[in-house]
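In: missing the sequence, but the structure's below:
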């Protein structure tokens, strides 16, 4: 019987939200428009990718699931933070 372990999918499903959170808060007040656009594209492509990878790992039988659960939790937190920022931007701009 093969023992359960972490695969590259588990590590990737945990690493992508960590990278996206770092990108969100490292450059909060920059005036470089191309950098802001690149970060926005990374967020909107990376979050669904992390959620999909986490769900795939959670359904694998011979895989430890703790990294995937943390990755999914971080992705959900990231979705809520970005939704809050979008809400503030749409409702409270002059």
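Out: Structure received. Because the structure is predicted, anything quoted here is derived from the model rather than measured. Residues are numbered from 1 along each chain as shown.

In: OK, contacts around the residue sitting nearest the centre point of the chain?
Out: Central residue of the chain (C-alpha atoms, centre = their mean): residue 17, 2.9 Å from the mean position. Residues in contact with residue 17 (C-beta atoms under 8 Å, 6 or more residues apart in numbering) are 46-47, 50, 71, 74-75, 78. Glycine gets a C-beta too; all of them are placed from N, C-alpha and C.

In: what's the closest non-adjacent residue to it?
Out: With C-beta to C-beta, 6 or more residues apart in numbering as the criterion, residue 17 has its nearest non-adjacent residue at 3.6 Å, and that residue is residue 74.

In: hang on, the earlier thing: where does the residue nearest to the centre of the chain sit: helix, strand or coil?
Out: Of the three states, residue 17 takes helix under DSSP: H, G, I helix; E, B strand; the rest coil.

In: kindly reformat the contacts of residue 17 as JSON lines containing neighbour count.
Out: JSON lines is the format used below for the contacts of residue 17 (neighbours: other C-beta atoms under 10 Å):
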{"residue": "46", "neighbour count": "17"}
{"residue": "47", "neighbour count": "19"}
{"residue": "50", "neighbour count": "27"}
{"residue": "71", "neighbour count": "26"}
{"residue": "74", "neighbour count": "21"}
{"residue": "75", "neighbour count": "25"}
{"residue": "78", "neighbour count": "21"}
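
In: JSON lines for those residues, including secondary structure, pLDDT and distance to residue 91?
Out: Shown next, in JSON lines, are those (DSSP: H, G, I helix; E, B strand; the rest coil; pLDDT from 0 to 100; distance: C-beta to C-beta, whole Å):
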{"residue": "46", "secondary structure": "helix", "pLDDT": "93", "distance to residue 91": "25"}
{"residue": "47", "secondary structure": "helix", "pLDDT": "92", "distance to residue 91": "22"}
{"residue": "50", "secondary structure": "helix", "pLDDT": "93", "distance to residue 91": "27"}
{"residue": "71", "secondary structure": "helix", "pLDDT": "93", "distance to residue 91": "30"}
{"residue": "74", "secondary structure": "helix", "pLDDT": "93", "distance to residue 91": "26"}
{"residue": "75", "secondary structure": "helix", "pLDDT": "94", "distance to residue 91": "24"}
{"residue": "78", "secondary structure": "helix", "pLDDT": "92", "distance to residue 91": "21"}
